[in-house]
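S.K.: Structure, please.
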Amino acid sequence: MTTTTPSDVRPDPPHSPDDGSLAEFGYRQELHRSLGRYASFAAGFSFISVLTTVFQFFAFGYAFGGPVFFWAWPVVLLGQLLVAACFAELAARYPISGAIYQWSSRLSNLTFGWFAGWIMVIGQIVVVAAAALALQMVLPAIWSGFQLVGTDPTVTSPDGAANAAVLGVILLILTTLVNVVDNRVMSVINRVGVTAEIIGAVLIIVLLLTHSERSPGITFHTTGAASTGLFGALAVGSFTAAYVMIGFDSAGEMSEETRNPRRTAPRTILTALGAAGLLGGLIILGGLLAAPSLTDGHLGVDGLSYVLTSSLGDGVGKALLADVVVAIAVATLAIQTAACRMLFSMARDAQLPFSARLSHVNPRTGMPSAPALVVGVLAAALLLLNFASPDAFLAIGTTCIVMLYLAYAMVTGPLLVRRLRGEFLSEGTDETNAKLFSLGRWGIPVNALALVYGLAMTVNLAWPRAAVYDPTGGHWYFQWFTVLFLVVTLGLGGLYRWQRTRRTDIAEKEAPPAVPSESS
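M.R.: As a prediction, this is how the structure comes out:
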């Protein structure tokens with residue numbers, strides 16, 4: 001198959017029909033284009049998975065920020081909406097799998113875009129592991145029999161951390177199988193799971209708000225928070241919101257499998273983030289208002305699972321927690337799918353080791369099987385860190401956020417440069433001959449704010465706070481885990497690129513000289 005590299009393609013290609021939308025980029029349609037608007041929305045919403053992530057990180061946010069950590073939520077939502085608006089423009093113009101890699105490469109150059117894709121795919125693999133760990137926050141609260149290792153289900157205990165790894169590996173086996181079977185099966189599971197998650201989220205919000213113990217004014221207090229001060233409470237408390245509101249670009253990742261992607265993907269990127277942001281904020285508010293106590297220590301350890309079972313009763317509480325389990329499973333599946341599409345896209349351009357195998361699509365299923373196995377195995381390997389220390393849970397969670405935020409900035413940065421040079425054009429039509437989604441004259445200010453926000457949050461999340469990353473002391477590598485992981489990721493990527501360039505240069509030098517033709 002002949003392809004063009006991302007740097008060879010013009011920044012704003014003209015519209016082409018849906019059945020040939022990849023031809024202008026030098027690719028042929030191999031993935032099955034079977035996803036409609038709701039399936040595209042589900043891809044973004046299930047990656048965000050508000051129930052998974054809020055239940056997973058609520059306790060952490062409350063432990064450091066107290067009720068006031070709620071106000072970090074609207075700040076992060078606004079910042080991510082700025083990023084999503086930029087991504088919506090790009091999704092309309094580049095409806096290709098491997099969105100971050102493809103967008104960054106076309107806005108800058110292949111090398112810069114390769115590193116953006118490399119950071120993104122490694123980050124996605126870490127997110128898969130982090131999402132799978134969320135089962136520990138819910139399953140033992142439903143039934144003690146799910147505590148397969150030891151007796152203490154708390155994620156910060158050795159028993160809880162080890163059990164989280166076991167449950168996570170079991171889930172990864174299941175999601176890997178689904179990612180190999182067929183994209184229609186994956187889509188059905190995704191849509192059903194997202195529908196169940198939305199219904200469950202609405203029920204949780206209604207029940208929590210109708211069981212309120214206090215007024216919303218409590219969100220201005222730092223009751224029960226660690227002694228970090230107001231700024232520290234918001235800075236660390238923002239981890240919860242930052243972890244929840246990532247992955248909305250998945251609608252762009254699935255563009256090659258979406259019908260009318262130029263029209264559909266931009267809208268689903270924005271609606272998935274908006275819906276998740278609204279539901280998540282209301283769930284956090286409801287949890288703070290309905291909690292039996294803000295000072296008994298349960299909120300900072302057991303989180304929302306404790307609120308549901310104690311405020312709503314075991315029956316209703318556990319039924320809602322079962323819905324959260326569905327959300328966690330679907331989120332893990334969606335994140336793994338997004339990582340698979342990134343590997344596939346980069347391998348299709350021969351930009352990864354074993355590219356031929358990683359870019360192979362089963363013509364019957366329409367799925368690239370090898371990437372699913374790679375992502376599943378690597379994510380499972382990361383879960384083994386939980387056996388080393390319970391602190392690995394937080395290290396894995398925050399590391400994946402930093403990786404994705406940095407990759408996002410490697411798109412919004414070059415995009416801003418293109419805008420300032422007047423090289424990012426807004427012309428073009430989608431599959432219905434309507435104008436492509438565009439920010440118009442708001443493009444530069446929105447893009448600039450999105451970049452500044454993304455870089456600031458990256459620094460905030462990666463800052464090696466001992467109280468956050470190594471609370472028990474003695475594990476300096478967990479305090480610096482995010483920074484070290486990023487350095488190693490960049491180092492390995494740089495080594496691979498150097499070796500690849502070196503092999504290419506050697507091959508060109510050793511190639512026999514061209515034989516002149518008779519006419520010459």
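
S.K.: Burial check on Leu484, number of neighbours?
M.R.: Close neighbours of Leu484, defined as other CB atoms under 10 Å, add up to 16. Bear in mind the C-beta positions are built from the backbone N, C-alpha and C, glycine included.

S.K.: What of Gly428?
M.R.: Gly428: 16 neighbours (other CB under 10 Å).

S.K.: Once you drop chain neighbours, what's closest to it?
M.R.: Leaving aside its chain neighbours, Gly428 sits nearest to Leu436 (4.5 Å; criterion: CB to CB, 6 or more residues apart in numbering).

S.K.: Run a quick check on that neighbour versus Ala265, I expect a contact.
M.R.: No: at 11.0 Å, Leu436 does not count as touching Ala265 under the criterion of CB atoms under 8 Å.

S.K.: which one of the two has more residues nearby?
M.R.: Taking other CB under 10 Å, Leu436 and Ala265 do not tie; Ala265 has more neighbours (33 against 20).

S.K.: List phi and psi for the residue nearest to Gly428.
M.R.: Backbone geometry at Leu436, expressed as degrees, to the nearest 10, gives phi -60, psi 150.

S.K.: which residues does it contact?
M.R.: Going by CB atoms under 8 Å, 6 or more residues apart in numbering, Leu436 touches His15, Glu89, Ala92, Arg93, Arg262, Pro266, Ser426, Glu427, Gly428, Thr429, Asp430.

S.K.: repeat for Ile269
M.R.: Counted by CB under 8 Å, 6+ apart, Ile269 has contacts Gly44, Ala84, Phe87, Ala88, Ala91, Phe248, Asp249, Ala251, Gly252.

S.K.: got a pLDDT number for it?
M.R.: We have a pLDDT of 96 for Ile269.

S.K.: Any chance of a markdown table for the contacts of Leu436, columns distance to Ala39, secondary structure and pLDDT?
M.R.: A markdown table is the format used below for the contacts of Leu436 (distance: CB to CB, whole Å; DSSP: H, G, I helix; E, B strand; the rest coil; pLDDT from 0 to 100):
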| residue | distance to Ala39 | secondary structure | pLDDT |
| --- | --- | --- | --- |
| His15 | 22 | coil | 38 |
| Glu89 | 22 | helix | 96 |
| Ala92 | 18 | helix | 93 |
| Arg93 | 21 | helix | 93 |
| Arg262 | 16 | helix | 93 |
| Pro266 | 15 | helix | 95 |
| Ser426 | 28 | coil | 66 |
| Glu427 | 29 | coil | 73 |
| Gly428 | 24 | coil | 80 |
| Thr429 | 23 | strand | 83 |
| Asp430 | 18 | coil | 83 |
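
S.K.: so which two of the residues you listed are the farthest from each other?
M.R.: Maximum pairwise distance among the contacts of Leu436 (CB to CB): 15.3 Å, between Pro266 and Glu427.

S.K.: secondary structure class for Pro471?
M.R.: Classification of Pro471 using DSSP: H, G, I helix; E, B strand; the rest coil returns coil.

S.K.: and the residue nearest to it when sequence neighbours are not counted, what are its phi and psi?
M.R.: Closest residue in space to Pro471, ignoring its immediate chain neighbours: Asp391 at 7.3 Å, by CB to CB, 6+ apart. Dihedral angles of Asp391 (phi, psi; degrees, to the nearest 10) stand at phi -70, psi -20.

S.K.: Give me the number of neighbouring residues for Asp391.
M.R.: Residues within reach of Asp391, counting by other CB under 10 Å, total 23.

S.K.: likewise the one 3 residues further on?
M.R.: Leu394 sits with 22 neighbouring residues when counted by other CB under 10 Å.

S.K.: which residues does it contact?
M.R.: With contact taken as CB under 8 Å, 6+ apart, Leu394 is in contact with Phe60, Val468, Tyr469, Phe478.

S.K.: Does the first one touch Phe239 like I think?
M.R.: Yes: the pair Phe60 / Phe239 is scored as a contact, 6.4 Å apart, by CB under 8 Å.

S.K.: and the residue nearest the centre of the chain, which of the three is it?
M.R.: In the chain, the residue lying closest to the centroid (CA atoms, centre = their mean) is Gly247, at 3.4 Å. Each residue gets one of three states, and Gly247 gets coil by three-state DSSP.

S.K.: give me the number of residues near Thr154?
M.R.: Thr154 is flanked by 16 other residues according to other CB under 10 Å.

S.K.: helix/strand/coil for it?
M.R.: Put simply, Thr154 is coil when judged by three-state DSSP.

S.K.: Okay, it and Gly61: tell me how far apart.
M.R.: Thr154 sits 17 Å away from Gly61, taking CB to CB, to the nearest Å as the criterion.

S.K.: returning to what we had before: now distance to Thr332, neighbour count and pLDDT too, for the contacts of Leu394, in CSV please.
M.R.: Below are the contacts of Leu394 laid out as CSV (distance: CB to CB, whole Å; neighbours: other CB atoms under 10 Å; pLDDT from 0 to 100):
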residue, distance to Thr332, neighbour count, pLDDT
Phe60, 19, 25, 85
Val468, 25, 24, 76
Tyr469, 24, 22, 77
Phe478, 23, 24, 81
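
S.K.: Most widely separated two among these?
M.R.: Farthest pair in the contacts of Leu394 (CB to CB) is Phe60 and Phe478. Separation: 14.4 Å.

S.K.: doesn't Gly473 make contact with the residue nearest to Pro471?
M.R.: No: counting by CB under 8 Å, Asp391 sits too far from Gly473 to count as a contact (10.1 Å).

S.K.: where's the residue nearest to Gly428 relative to Ala91, distance?
M.R.: In terms of CB to CB, Leu436 sits 10 Å off from Ala91.

S.K.: Which neighbours do those two have in common?
M.R.: Common neighbours of Leu436 and Ala91, counting by CB under 8 Å, 6+ apart, are Arg262, Pro266.

S.K.: circling back: out of the contacts of Leu394, which one sits closest to Val330?
M.R.: Taking CB to CB as the measure, Val330 lies nearest Phe60 of these, at 22.4 Å.

S.K.: Can you say which helix or strand has that closest one in it?
M.R.: For Phe60, the element it lies in under DSSP states H and E is helix 50-65.
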